[in-house]
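[1] Here is the input, now give the coordinates:
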Amino acid sequence: MTKIVFRRCLAISSVLSFSLLGISCSDSKKPDPTKTEITREPGVFTVDHPELFKLVKIETRDLPTVIQANGSVTPDVNRTIHVTSQGSGRVVDLKVRLGDYVNKGQSMLSIYSPDLAAAFSDYQKAVVDEELSKKALDRTEMLFSHGAAAQKDLEQAQDTEQKAKVDVQNAEQHIRILGGDPSRPSSVIELRAPVAGTIVEQNISGFEGVKSLDNSPNLFTIADLSQIWVLCDVYENDLGELHLGDQAEVTFNAFPDRVFHGAVSDISRILDPNLRSAKVRVVLSNPKGELRPGMYAVATFRSRKLQPRLIVAGTAIMRLQDRDWVFRKEDNQRFRQVEVHTIGETPDGMHEIQNGPVHSGDDVVVNALEFSTAMAGQGK
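    Numbering: from 1, shown residues only. Below you'll find the model as predicted:
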């Protein structure tokens with residue numbers, strides 16, 4: 001009886017052993033040679049099949065130094081006119097506002113001016129005096145022709161007439177300077193735009209008093225914005241790389257996908273003592289008036305002198321969390337994720353990077369995004 005029980009237990013044990021062995025064999029998976037297996041370390045990837053990822057070398061190329069500077073749009077001073085009134089008074093009609101476009105000769109505001117009223121009074125008196133002196137001259141000439149007047153009397157009458165004409169001319173000119181028309185007597189000055197342009201400054205409002213020129217600011221400032229300035233702050237360490245006439249590429253927050261091209265027209269000879277920077281002026285054409293005074297700008301300058309720089313294909317750089325990365329090959333199977341700093345782009349699409357963690361001749365993955373995606377998928 002004991003022998004029978006022992007044999008049954010032995011048989012059951014054998015069956016269980018073969019069953020467990022079968023389960024173990026069925027659960028084991030064969031390695032797939034087409035998949036890349038990785039071993040992760042901080043910033044390092046060990047890849048079983050590195051041949052699946054194409055590489056590109058970091059190269060050295062002679063390139064100009066790239067300088068970027070912040071700036072803002074300002075009107076071209078040579079195309080800016082300050083509008084003032086020659087006569088004092090009070091505004092009775094304000095016809096334009098800040099930001100309006102005005103044509104040359106367009107009426108901007110009307111001013112009731114005692115100065116103009118006094119000028120017309122003087123003009124009318126001068127006209128009357130000239131008429132009397134002309135009559136006196138005509139009478140003296142007639143008498144002189146009949147021998148009834150002396151030569152000196154004729155000369156005196158001629159002198160009086162000439163002075164009266166001068167007085168009329170002066171009074172007439174005074175009215176025109178104040179903004180009036182001698183042929184249309186009025187106490188209201190029509191202040192007109194001397195040039196066409198945009199009103200970029202306004203220092204007057206309706207029914208305000210207009211003072212004389214010696215203690216009053218300009219009423220308006222008109223600017224021709226078809227050409228504007230971008231004033232940039234360039235640090236003193238970079239000033240040696242800039243020259244008059246250098247080309248500049250300017251971008252604006254309002255037009256992020258566009259690049260405006262201009263030239264350096266002036267480099268200030270005075271440094272800002274706080275920023276240790278100098279103002280650099282870039283002139284831009286603005287035929288459509290898209291660029292407005294006060295707009296924030298970023299200007300990119302390229303030096304004339306070439307320096308050896310590191311470059312790499314743009315696809316080899318991955319942008320992640322506002323930082324740039326490349327995957328550098330360490331040995332046959334290991335790749336390291338390395339942070340780089342890009343400082344510009346060449347016309348053929350290569351990216352310029354600063355010296356540091358990478359060097360000329362280093363092999364990096366040509367498609368950083370594809371490599372990162374593959375690593376993320378294998379890490380799951």
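[2] how about stretch 339-350: buried residues?
    Val340, Ile343, Gly344, Met350 (16 or more other CB atoms under 10 Å). C-beta here means a position set from N, CA and C on the backbone, and glycine is covered the same way.
[3] the domain parsing of this protein - what is it?
    64-76+224-378, 80-113+193-223, 116-186 (automatic domain parsing).
[4] Closest one to Asp181 out of the buried residues of stretch 339-350, please.
    Asp181 lies nearest to Gly344 out of those, by CB to CB, at 60.7 Å.
[5] from what I can see that closest one touches Val66, true?
    Yes. Counting by CB atoms under 8 Å, Val66 is a contact partner of Gly344 at 4.1 Å.
[6] Overlap in contacts, those two.
    Thr300, Glu352 (CB atoms under 8 Å, 6 or more residues apart in numbering).
[7] follow-up on the earlier one: take the domains of the chain and write them to a markdown table, including distance to Thr46 and mean pLDDT.
    Below are these laid out as a markdown table (distance: least, CB to CB, whole Å; pLDDT from 0 to 100):
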| stretch | distance to Thr46 | mean pLDDT |
| --- | --- | --- |
| domain 64-76+224-378 | 5 | 93 |
| domain 80-113+193-223 | 63 | 91 |
| domain 116-186 | 85 | 95 |
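[8] how about those in CSV, adding distance to Val56?
    Formatted as CSV, these follow (distance: least, CB to CB, whole Å):
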stretch, distance to Val56
domain 64-76+224-378, 4
domain 80-113+193-223, 50
domain 116-186, 72
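[9] Any idea which of those gets closest to His49?
    Taking the domains of the chain one by one with CB to CB, domain 64-76+224-378 is closest: 8.7 Å.
[10] the strands in the stretch 51-200 of the chain, which residues?
    All strands of the stretch 51-200 of the chain, identified by DSSP state E, counting those that start in this stretch, fall at 55-57, 59-75, 80-83, 89-94, 101-102, 107-112, 188-192, 197-202.
[11] Out of the ones you listed, which is the most enclosed?
    Here the criterion is mean neighbour count by mean count of other CB atoms under 10 Å, and of the strands of the stretch 51-200 of the chain the winner is strand 107-112, at a mean of 21.
[12] who does that strand pair up with?
    In the sheet, strand 107-112 lines up against strand 89-94 (antiparallel), strand 188-192 (antiparallel) (DSSP bridges).
[13] TSV please, covering these and showing distance to Gln158.
    Formatted as TSV, the strands paired with strand 107-112 follow (distance: least, CB to CB, whole Å):
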stretch	distance to Gln158
strand 89-94	39
strand 188-192	37
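[14] Indicate which one of those is closest to Asp138.
    From those, taking CB to CB, the stretch that ends up closest is strand 188-192, at 37.2 Å.
[15] same question for that closest one, mean pLDDT?
    Averaging pLDDT along strand 188-192 gives 93.
[16] nearest to Leu310, of the buried residues of stretch 339-350?
    Among those, and counting by CB to CB, the member closest to Leu310 is Val340, at 8.7 Å.
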